[in-house]
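A.B. asks: this is the structure alone, sequence omitted:
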């Protein structure tokens with residue numbers, strides 16, 4: 001029979017039905033366990049007063065958090081993924097009155113499938129309802145030829161520097177790289193389904209006035225000249 005975990009309440013129910021006179025063969029067929037398991041639960045019940053025997057000293061310590069407390073902790077991490085281990089430790093102590101070490105917390109969080117990774121930033125001011133309302137309006141109103149997307153990027157002497165490499169275990173992976181940014185160039189580009197509408201390269205950073213001049217002086221003028229459709233600018237940062 002394939003191994004499967006059987007809950008304590010199901011074991012207790014099986015023992016209760018056995019005590020009421022039901023045959024072991026019928027109980028095993030009904031619940032899907034072996035007669036050997038039923039005999040073991042019955043022996044535990046007579047010797048220890050329950051279907052689950054007390055923990056042996058060889059089995060280690062019981063878990064600090066039960067399933068409900070663990071689910072609560074995982075829900076908290078989904079809401080606040082940037083919590084440090086000491087903050088999680090304090091949260092568990094305050095909300096569940098359980099003292100647990102940071103190393104145990106780290107193992108526990110890793111066992112349930114959570115990993116430590118770079119945060120994906122999202123604007124605090126973003127309104128998900130308004131974003132969904134805009135998506136619905138765009139699907140019902142727009143055609144691809146009406147959309148022009150605009151984005152800004154930049155480059156300096158450190159842009160092409162690679163951040164990862166390989167070396168023998170226990171040794172660093174050295175790489176010659178520039179630490180001074182040097183000259184910085186910003187690139188503005190507007191693209192439609194037909195290709196690039198306009199581009200501009202600016203030395204330094206793009207400020208509000210520069211961006212406004214690019215949109216009004218080039219993108220709007222060229223787009224209106226190339227197409228008779230209504231122009232809609234959808235910024236890439238807004239759609240992400």
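C.D. replies: Received, thanks. Quantities reported herein were computed from a predicted structural model and do not represent experimental measurements.
A.B. asks: which other helices and strands contact the helix or strand harbouring residue 214?
C.D. replies: Per DSSP states H and E: residue 214 is located in helix 208-214. With contacts taken as 3 or more Cβ pairs under 8 Å, 6 or more residues apart in numbering; DSSP states H and E, helix 208-214 sits against strand 185-192, strand 195-203. All C-beta spots, glycine's among them, are computed from the backbone N, C-alpha and C.
A.B. asks: any chance of CSV for these, columns mean neighbour count?
C.D. replies: Below are the helices and strands packed on helix 208-214 laid out as CSV (neighbours: other Cβ atoms under 10 Å):
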stretch, mean neighbour count
strand 185-192, 18
strand 195-203, 13
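A.B. asks: out of those, which is closest to residue 6?
C.D. replies: Nearest of those to residue 6, taken as Cβ to Cβ: strand 185-192 at 59.8 Å.
A.B. asks: one step back: in a markdown table: the helices and strands packed on helix 208-214, plus mean pLDDT.
C.D. replies: Converted to a markdown table, these look like this (pLDDT from 0 to 100):
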| stretch | mean pLDDT |
| --- | --- |
| strand 185-192 | 90 |
| strand 195-203 | 89 |
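A.B. asks: list the contacts of residue 12.
C.D. replies: Contacts of residue 12 were listed using Cβ atoms under 8 Å, 6 or more residues apart in numbering, and they are 50-51.
A.B. asks: check which helix or strand covers it.
C.D. replies: Residue 12 belongs to helix 8-19 when assigned by DSSP H and E.
A.B. asks: next, the angle helix 8-19 makes with the helix or strand that that helix is followed by.
C.D. replies: Downstream of helix 8-19, the first helix or strand assigned by DSSP H and E is helix 24-31. Relative orientation of helix 24-31 and helix 8-19, computed by axes from the mean of the first three to the mean of the last three Cα atoms, to 10 degrees: 150 degrees.
A.B. asks: now the nearest residue to residue 161 once chain neighbours are set aside: how far from residue 168?
C.D. replies: Using Cβ to Cβ, 6 or more residues apart in numbering and skipping residues adjacent in sequence, the residue nearest residue 161 is residue 177, 4.6 Å away. Separation of residue 177 from residue 168 (Cβ to Cβ, to the nearest Å) stands at 20 Å.
A.B. asks: residues of the helix holding residue 214 that come out buried?
C.D. replies: Buried residues in helix 208-214, defined by neighbour count with 16 or more other Cβ atoms under 10 Å: 210-211, 214.
A.B. asks: helices of this protein, start to end?
C.D. replies: 8-19, 24-31, 35-48, 67-79, 85-96, 102-111, 128-141, 208-214, 221-226, 236-239 (DSSP state H).
A.B. asks: residue 122: which of those is closest?
C.D. replies: Closest among these, using Cβ to Cβ: helix 128-141, at 9.8 Å.
A.B. asks: for the most centrally placed residue in the chain, give its distance to residue 68.
C.D. replies: For the chain, residue 78 is the residue whose C-alpha lies nearest the centre (Cα atoms, centre = their mean; 7.6 Å). Using Cβ to Cβ, we find residue 78 at a distance of 16 Å from residue 68.
A.B. asks: go on, residue 114?
C.D. replies: In terms of Cβ to Cβ, residue 114 sits 18 Å off from residue 68.
A.B. asks: same check, this time on residue 168
C.D. replies: Taken as Cβ to Cβ, the span from residue 168 to residue 68 is 47 Å.
A.B. asks: now residue 113
C.D. replies: With Cβ to Cβ as the criterion, residue 113 and residue 68 are 18 Å apart.
A.B. asks: helix or strand with the lowest mean pLDDT in the chain?
C.D. replies: The helix or strand of the chain with the poorest confidence is helix 236-239; it has a mean of 43 (mean pLDDT, DSSP states H and E).
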